[in-house]
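Chemist: The amino acid sequence is not available; the structure is as follows:
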């Protein structure tokens with residue numbers, strides 16, 4: 001399984017832990033609440049759902065479309081996906097992981113989005129791991145800039161400075177989060193995934209979750225295949 005597919009499966013399990021959904025609703029939640037998934041299409045989501053069903057982590061149930069309506073429209077009822085007990089257990093195992101896969105650029109935003117379902121000690125380890133990784137990156141960026149700055153033109157130099165400032169902002173943000181966690185405070189009362197903190201993160205995270213309406217219209221196709 002690719003890392004990107006693993007992130008999607010993690011997010012789908014997390015959203016379905018909150019409540020059962022059909023495919024269109026799931027994709028909308030992935031796009032609007034978890035902005036890191038905006039690029040995912042139905043062609044990516046439905047194979048993921050089928051895999052989760054085959055693994056026993058989800059079950060498919062008929063939706064609420066009435067038989068009469070389905071007959072008139074010629075469409076089958078929407079399929080609703082529900083988390084199984086095994087799926088919940090698997091998601092909780094994923095939530096407890098604190099290794100590099102939890103705080104790399106490709107995965108940190110998705111993990112952060114579900115911090116409201118994550119224990120405090122795990123949140124701390126993920127945040128500290130992310131901060132440590134960024135501090136290492138920042139040190140390398142500074143060393144590289146010191147070696148090459150005399151050979152760089154003004155625009156390349158400005159681009160490198162911008163990248164360093166982005167990482168520095170995220171480190172400061174992580175410091176604040178870690179301090180809050182240590183003081184016994186959390187963000188459970190804020191928007192999902194800490195959306196209020198969105199503008200204070202760097203682009204390196206892939207975009208932290210932001211709630212809101214999906215600006216792009218979708219054409220749902222949630223019938224069984």
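Modeler: Sure, I can see it. The shown structure was predicted, so the numbers you read here are calculated from the model rather than taken from an experiment.

Chemist: worst-scoring helix or strand of this structure, pLDDT-wise?
Modeler: Least confident helix or strand of the chain, by mean pLDDT, DSSP states H and E, is helix 67-73 with a mean of 46.

Chemist: How much space separates the residue located most distally from the centre of the chain from residue 92?
Modeler: Within the chain, residue 150 marks the point farthest from the mean C-alpha position, 39.5 Å out by C-alpha atoms, centre = their mean. Per C-beta to C-beta, to the nearest Å, residue 150 is found 53 Å from residue 92. No exception for glycine: its C-beta is placed from N, CA and C like everyone else's.

Chemist: which residues of this protein fall in helices?
Modeler: For the chain, the helices defined by DSSP state H occupy 3-18, 23-32, 42-54, 67-73, 85-95, 108-113, 120-148, 154-182.

Chemist: packing partners for the shortest one?
Modeler: Meaning helix 108-113. Packing contacts for helix 108-113, counted by 3 or more C-beta pairs under 8 Å, 6 or more residues apart in numbering; DSSP states H and E, involve helix 3-18, helix 120-148.

Chemist: what about it, average pLDDT?
Modeler: Across helix 108-113, the average pLDDT comes to 91.

Chemist: Minimum distance to residue 52: which of the helices and strands packed on helix 108-113 has it?
Modeler: helix 3-18 (6.3 Å; C-beta to C-beta).

Chemist: now for that closest one, which elements pack on it?
Modeler: On a contact count with 3+ C-beta pairs under 8 Å, 6+ apart, helix 3-18 meets helix 23-32, helix 42-54, strand 79-83, helix 85-95, helix 108-113.

Chemist: Give me the buried positions along it.
Modeler: By 16 or more other C-beta atoms under 10 Å, the buried positions in helix 3-18 come out as 6-16.

Chemist: Out of the helices and strands packed on helix 108-113, name the one with the poorest average pLDDT.
Modeler: Looking at the helices and strands packed on helix 108-113, the bottom one is helix 3-18 with a mean of 89.

Chemist: Compute the inter-axis angle for that one and helix 85-95.
Modeler: 120 degrees (axes from the mean of the first three to the mean of the last three C-alpha atoms, to 10 degrees).

Chemist: Give me the angle between helix 3-18 and helix 23-32.
Modeler: Per the same axes, to 10 degrees, the angle that helix 3-18 makes with helix 23-32 is 110 degrees.

Chemist: Quickly list the domain ranges of this protein.
Modeler: Listed by automatic domain parsing, the domain ranges of the chain are 3-98, 109-205.

Chemist: what about the protein, any weak spots by pLDDT?
Modeler: Applying pLDDT under 70 to the chain picks out residues 1-3, 35-40, 64-77, 186-225.

Chemist: Residues contacting stretch 15-25, please?
Modeler: Stretch 15-25 is contacted from outside by 26, 29-30, 33, 42, 45-46, 49, 58, 61, 63, 78-83, 87-88, 91, 117, 218, 220-222, using C-beta atoms under 8 Å, 6 or more residues apart in numbering.

Chemist: and what of stretch 149-165?
Modeler: Contacts of stretch 149-165 (C-beta under 8 Å, 6+ apart): 138, 141-142, 144-145.

Chemist: go with 7 Å
Modeler: Applying C-beta atoms under 7 Å, 6 or more residues apart in numbering, the set of residues contacting stretch 149-165 from outside is 138, 141-142, 145.
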